[in-house]
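**Q** Turn this into a structure:
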Amino acid sequence: MTFTIPRRTILKGIGAAGLGTIIPGAIRPLHAASVAPITVVINQSPWFESFRKTVEAYEAETGNKVELDVNPFAGSLEKQRNSVRASEGQYDVLIMNSGWFTEMYAGGFVEAITDIDPGFKLDPDVYTLGDTIYYNAEKKSVTNDGKLMSIPVSPLIPMLYYRGDLYKEAGLSAPKTFAELEANARKLHNPPEMYGIVQRGARGPHTVAYDFYPYLYGMGGGIFKDQSAGDYSVTLNSTEGKEALDYYIRLAKEAGHPKTAASDQAEVIQAMVTGHSAHIMMVIAAWSQMDDPNKSAIVDKVEWAPPPSAPGLPTAPGLGHWLAGISKNVPDDRKRAAVEFLRWFQTKAAQLETAKAGGIPVNAAVYKEPIAEERKYRWMKPLAEALPHAVNIYQFPEASEVIAVLEVGLNRAVAGEVPSADALNGMSDEIEKIMAGHSYKTGKLDPIK
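**A** As a prediction, this is how the structure comes out:
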C-alpha cells in the first residue's frame, strides 16, 4: 500500500526567505534556520520505521518539515524514474537502492551535494560503502575521485542470524566457513518443528539474487571479471559459481524448508521469529524484529555473525544498501532544504537516534559508543566486522536488467526446474547479451557441466 502525506504547498517558499541574492547558475550554501518542506520517496522495508522516527527527530529539533511517500520496493523505483524525467520533479530526496543508484547517477538525474552546497562536508566517520556515494561522470565509475552524489541511509548487508540458545545446548560455535554452517544446520534440522536453515528462493525485483550473493562471492565466484577495470566478461558459470549454487540448493533440500523456492523475505523472517528456523541469512535490517515481544517467540535467543565463506577467503556480503540523493529537477529552495536534512542525518547524534529506533547506523562512530555493548544491540559488533568486506555487486546503470535474469534463473534452479549447470549457463548467456547490447567490454566462459 502506498502511503503519501499531502505536500504542504503553503510552506513551499519558506526556505528562500533570508537567503539573500542567489548568483545566477549557482546555489548558495544553506544558512537559513528554516527551510522549505521536502518530500522523500522511500520504500516500505524492515528499516522504514527507524527512518521515520529519525525524520521525526529532525522535524522536532529543527522545525523543518519532511514528507514521506512510502511504496513497495518496485513501486518506489517506478515513482523515482517517473519523477526524475518530468519537467519538475515531485520528489526532492530519492532513496536509492544498490540495484539502481548508478542508473540515477549516470542518467544525470541526481545533483551532486557539493554542487548544491560547495561547503558541505561529509562526516569522516560515515561509511562510504564501496565508495558508492561518489560518481565520476568522465570515467563513468563509482570511485572516490568523483563528486559526492549521496549520503548512505541504511548500510544494509546480509548477516547470519542463528539461535544462540540452541547452539549452547548443542555445544556449537558460530560458523566461519560454509562447511561449518552446513554441519550446524544439519545437526539442528528437525522438520517440521525446526528447519536447519530457511532461505529466500522466490522470484522478485531483487530477491533470491540478493540472498545468493554471500554464497557466490564467499566461495570466490562472481558475476563479472573486473567491473572496476571495465571488464564485464561474465564469470557466473565458473567452478566457484556452480559450487555456490549447488551448496545453496543442497542446504534447501537437505537442511532447509521444503518451499524455499516460494519463500520471500517475509516468510524467512516469520520462520525465524516463530521459532521454526535455526538459521537465516538475512539483511541486518530485520534485527529488531527478533527481540520484539509483539512479533517474536524467540526474544533474546538470536545471535549474529558475518556470513560464512570458503576457507582462506573473507566474508563477502553483497551490499543491499540504500542511498539518499537529491533530485536535479526540483526547485533550488527544495534542493537546499534537502542538503540541510542530509547534513543533519549523517551526524553521530542523528545516527544514535536511528540505532535506538531499530535502524542501522551509517556513522561508524556509533559502533564505538557504549550502546554497542548493550545486549539489545549485540548485532552491532558483528556488523562492524563484516561491513568492511561488503561487495558492491553492480557498478553500471543497467543493473536491473541483469538482476531480472538472475531472479528467474536462480528461482528455477532452487525449484528444481533446471539443473544448476544449465541455469548458470543460461543466465550467463543472457547477461553477456545484455552487456554486449549496451556496448560494454564483455565475453563469457565456456559452458560448465
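**Q** Now for the closest residue to Lys176 other than its chain neighbours: which residues touch it?
**A** Leaving aside its sequence neighbours, Lys176 sits nearest to Pro308 (Cβ to Cβ, 6 or more residues apart in numbering; 5.9 Å). (Glycine included, C-beta is placed from N, CA and C.) Going by Cβ atoms under 8 Å, 6 or more residues apart in numbering, Pro308 touches 160, 175-178, 180-181, 218, 315.
**Q** and which of those is nearest to His438?
**A** Gly218 (28.3 Å; Cβ to Cβ).
**Q** Surely the closest one and Ser309 touch.
**A** Yes. If you go by Cβ atoms under 8 Å, Gly218 and Ser309 touch, sitting 3.9 Å apart.
**Q** Now the common contact residues for these two.
**A** 178, 315-316.
**Q** Produce a ChimeraX select command limited to the buried residues of these.
**A** Buried members of the shared contacts of Gly218 and Ser309, defined by 16 or more other Cβ atoms under 10 Å, are picked up in ChimeraX with:
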select :178,315,316
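**Q** now, which of the shared contacts of Gly218 and Ser309 lie within helices?
**A** Residues of the shared contacts of Gly218 and Ser309 located in helices (DSSP state H): Phe178.
**Q** now, which of the shared contacts of Gly218 and Ser309 sits nearest Lys259?
**A** Phe178 (22.7 Å).
**Q** show me what contacts that closest one?
**A** By Cβ under 8 Å, 6+ apart, Phe178 lies in contact with 215, 218-219, 247, 308-310.
**Q** ok, which pair from these is furthest apart?
**A** For the contacts of Phe178, the maximum inter-member distance is 11.8 Å, found between Tyr247 and Ser309 (Cβ to Cβ).
**Q** and those two? which has more neighbours close in?
**A** Ser309 (23 against 20; other Cβ atoms under 10 Å).
**Q** and Gly99, what pLDDT?
**A** We have a pLDDT of 81 for Gly99.
**Q** Would you check that it makes contact with Pro397?
**A** No. Using Cβ under 8 Å, Gly99 is not in contact with Pro397; the gap is 10.5 Å.
**Q** which of the two has more neighbours?
**A** Set side by side, Gly99 and Pro397 show more neighbours around Gly99, with 21 against 17, by other Cβ under 10 Å.
**Q** so who does that one touch?
**A** Going by Cβ under 8 Å, 6+ apart, Gly99 touches 205-206, 394, 399-400, 403.
**Q** what's the farthest-apart pair in these?
**A** Farthest pair in those, by Cβ to Cβ: Pro205 and Tyr394, 13.7 Å.
**Q** Need the overlap of contacts for those two.
**A** Joint contacts of Pro205 and Tyr394 (Cβ under 8 Å, 6+ apart) are 99, 403.
**Q** between those two, who's got more neighbours?
**A** Between Pro205 and Tyr394, counted using other Cβ under 10 Å, the more crowded position is Tyr394 (23 against 19).
**Q** Phi first, then psi, for that one.
**A** Backbone torsions of Tyr394, given as degrees, to the nearest 10, read phi -130, psi 130.
**Q** Check Val110 too.
**A** Main-chain torsions, Val110, degrees, to the nearest 10: phi -110, psi 130.
**Q** what's around it, how many residues?
**A** By other Cβ under 10 Å, 24 other residues sit near Val110.
**Q** close enough to count as contact, it and Val330?
**A** No. Using Cβ under 8 Å, Val110 is not in contact with Val330, being 11.0 Å away.
**Q** Off-centre distance for stretch 288-305?
**A** Centroid displacement of stretch 288-305 relative to its chain, using Cα atoms, centre = their mean, to the nearest Å, is 21 Å.
**Q** what comes into contact with it?
**A** Against stretch 288-305 from outside (Cβ under 8 Å, 6+ apart): 46, 50, 159-167, 174-176, 269, 272-275, 284, 287, 358, 375-376, 378-379, 382-383.
**Q** mind listing which of the residues you listed are in strands?
**A** Using DSSP state E, 159-163 are the members of the contacts of stretch 288-305 that sit in strands.
**Q** And those, which of them are buried?
**A** 159-163.
**Q** Domain parsing of the protein, as residue ranges.
**A** 3-156+320-378, 158-318+392-444 (automatic domain parsing).
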